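Asker: build me a model:
(chains A, B, C and D)
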There are 2 protein chains.
Amino acid sequence: MGIFERKEGVTASSWIYDTLRQDLVNGRFTAGEKLAISALKERYGVGLSPLREALNRLAAYGLLIQENQRGFRVPRLARDELDDIADMRRELEGMALERAIRHGDAEWESELLAAAHRLKRADESPEMEEEWERLHMRFHRTLVAPCGSAWLLRFIEQLHDQFDRYRRLAPGEPEVRRVLDAQHGELVELALARDVKGARTLMDDHVQRSYEVALGSFAHERDPTDRQQAGVGSADLLPRR
Amino acid sequence: MGIFERKEGVTASSWIYDTLRQDLVNGRFTAGEKLAISALKERYGVGLSPLREALNRLAAYGLLIQENQRGFRVPRLARDELDDIADMRRELEGMALERAIRHGDAEWESELLAAAHRLKRADESPEMEEEWERLHMRFHRTLVAPCGSAWLLRFIEQLHDQFDRYRRLAPGEPEVRRVLDAQHGELVELALARDVKGARTLMDDHVQRSYEVALGSFAHERDPTDRQQAGVGSADLLPRR
DNA sequence: TTGGTCATAAAAATCGATTATTTGAACTAG
DNA sequence: CTAGTTCAAATAATCGATTTTTATGACCAA
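Answerer: You can find the predicted model right below:
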């Protein structure tokens, strides 16, 4: 006994970081909200130090805004920013996909097929939403994985998290969703066929349609008066533990 | 008395973050080095909490590596990574420059001219190296500022910091340096002339030459045996306070 | 009312001490 | 020797309490 993998050092800090990151991406906090640190402390049952360390990391990552002497806030949702994020996704994921298709080897092809298959299965069981999100993220990650640039992958991941803050708040659109699901399969086909041009075009379209869905997160904003800049808020559900 | 601007809330945490960030970019720590937290505490005269918060932020930013349960390390310098960073700089700064030229207004032109002029003056006084670095960074920032994408600017800034870790370790090359300095002026001309194509080409060349200078940070790595993967180290000077 | 001041409550930031984990040296059995 | 074990010292992570700063709102003068 001693050969077994150790239970991977999960510190309180890293745990609360992961948890908060997910909860932020999943819209479990109201956009624009000021985080009450002591409330978080209670809610998640962690100490102040690990919590503050996690908040600092999240701010550096862009999922929180840190203001000296006055704590942390959840960034507001703004149409401008969503435009920017989607635009950058098109540019960077397009670039990455192109490179991945050029450099990806046989092993990649296998993993890509596997990831697509797993995702497809999840497409059909609407009950396991969390699982679908995981597999979806993983599919897109696999798709661009062999692009050869660690920094490019890092930026793309960051943009995905930002994008998902909007998308997961938007109402579902089964019509579009079906198209998007189908595109995953088509992306695989084009990738395996090493059709760089075609794949890029499809990826552009894929991001564009996702963007249009994500725009739904602004469904509220009706009244042309009273532009109170309130940041489209989700329900202020208690984050689960 | 109360009208005066308040002294801007600089917390211990934000101060040590800025300081460490600079010191890391300027190579005041040995690449690959493990940071002794209590030593940093003494050295910079800050408490543990603000220090750890800063380290967490720096890790999220990519200037440190955080390993659960075993603290923080300065990332090694690797040729592969420098290649990646330079490559991404070409892609992203090229993209940003193109957009900036398309969208930049008259005010931008003025600021750009001013930034270039200030930089040029600093070019000629080799004694004020720190000042030159500041102005150089500022020039490049101004150049791409009106690209319209906050995220793109953010990524570019991050890449600059990464790139500079290498460049500032490399020995100076007065020949190349003269060319690079001249290119700053040429970039302004092309930008003002709204010559998108020409500007991109020049920017590519500019980054390429800078990259070749930065490669000098690997000047040591001679012996083809003993590839000890030691991470090219700078002197382990005490960081100044 | 409209500002402005002040005291107080609330919250953020920081400190000092404690707890948990890793590192490395000394040791031991094969 | 070499691999494995044990234990003490070093270091990382966390906690609880304190200090500092901001937010609130009662009060007062113009």
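Asker: so A:F163 sits against A:R89, correct?
Answerer: Yes - counting by Cβ atoms under 8 Å, a contact exists between A:F163 and A:R89, whose distance comes to 6.2 Å. Quick note: C-beta positions are derived from backbone N, CA and C, even for glycine.
Asker: enumerate the residues of chain A near DNA strand D.
Answerer: Applying Cβ under 7 Å from any atom of the strand, we find that chain A lies next to DNA strand D at A:2, A:11-13, A:46-50, A:53, A:69-70.
Asker: ranges for the strands of chain A?
Answerer: Counting by DSSP state E, chain A has these strands, from start to end: A:65-66, A:72-73.
Asker: for B:P171, find the nearest of those.
Answerer: Within the strands of chain A, the stretch nearest B:P171 is strand A:65-66; the backing value is 37.9 Å (Cβ to Cβ).
Asker: run the chain-centre distance for that closest one.
Answerer: On the basis of Cα atoms, centre = their mean, to the nearest Å, strand A:65-66 is displaced by 19 Å from the centre of the chain it belongs to.
Asker: residue of chain A closest to DNA strand C, please.
Answerer: Of all residues in chain A, A:G71 sits closest to DNA strand C, with a separation of 2.9 Å (Cβ to the nearest atom of the strand).
Asker: tell me the contacts of that residue?
Answerer: Shown in contact with A:G71 (Cβ atoms under 8 Å, 6 or more residues apart in numbering or on different chains): A:34-35, A:37.
Asker: any of those buried? List them.
Answerer: Burial by neighbour count, 16 or more other Cβ atoms under 10 Å in any protein chain shown: within the contacts of A:G71 this picks out A:L35.
Asker: out of the contacts of A:G71, which is nearest to DNA strand D?
Answerer: The nearest member of those to DNA strand D, counting by Cβ to the nearest atom of the strand, is A:K34 at 8.8 Å.
Asker: beta partners for that closest one?
Answerer: Taking DSSP bridges, one finds A:R73 as the beta-bridge partners of A:K34.
Asker: thought it was touching A:R76?
Answerer: No - counting by Cβ under 8 Å, A:K34 does not reach A:R76; the two are 11.6 Å apart.
Asker: shaky segments in chain A?
Answerer: A:1-8, A:220-241 (pLDDT under 70).
Asker: for DNA strand D, what's its nearest residue on it.
Answerer: Counting by Cβ to the nearest atom of the strand, chain A gets nearest DNA strand D through A:G47, at 1.6 Å.
Asker: what parts of chain A come near chain B?
Answerer: Of all the residues in chain A, those in contact range of chain B (Cβ under 8 Å from any Cβ of the partner chain) are A:8-11, A:13-14, A:49, A:52-54, A:56-62, A:68-70, A:81, A:84-85, A:87-88, A:91, A:95, A:148-152, A:154-155, A:159, A:162.
Asker: filter these down to the buried ones, PyMOL style.
Answerer: Paste this into PyMOL to select the buried members of those, with burial taken from 16+ other Cβ under 10 Å:
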select buried, chain A and resi 13+14+52+53+54+56+57+58+59+60+61+62+81+84+85+87+88+91+95+148+149+151+152+155+159+162
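Asker: show me the residues of chain A next to chain B that map onto helices.
Answerer: Secondary structure from DSSP state H places A:13-14, A:49, A:52-54, A:56-61, A:81, A:84-85, A:87-88, A:91, A:95, A:150-152, A:154-155, A:159, A:162 of these in helices.
Asker: ok, which of those also contact DNA strand C?
Answerer: Taking Cβ under 7 Å from any atom of the strand as the test, DNA strand C is in contact with A:49, A:52 out of those.
Asker: quick one on the thing from earlier: which of A:F163 and A:R89 has more neighbours?
Answerer: Legend: neighbour count by other Cβ atoms under 10 Å in any protein chain shown for A:F163 and A:R89, higher for A:R89 (25 against 20).
Asker: name the residues of stretch A:63-81 that are buried.
Answerer: Under the neighbour-count criterion of 16+ other Cβ under 10 Å, stretch A:63-81 has A:63-66, A:72-77, A:81 buried.
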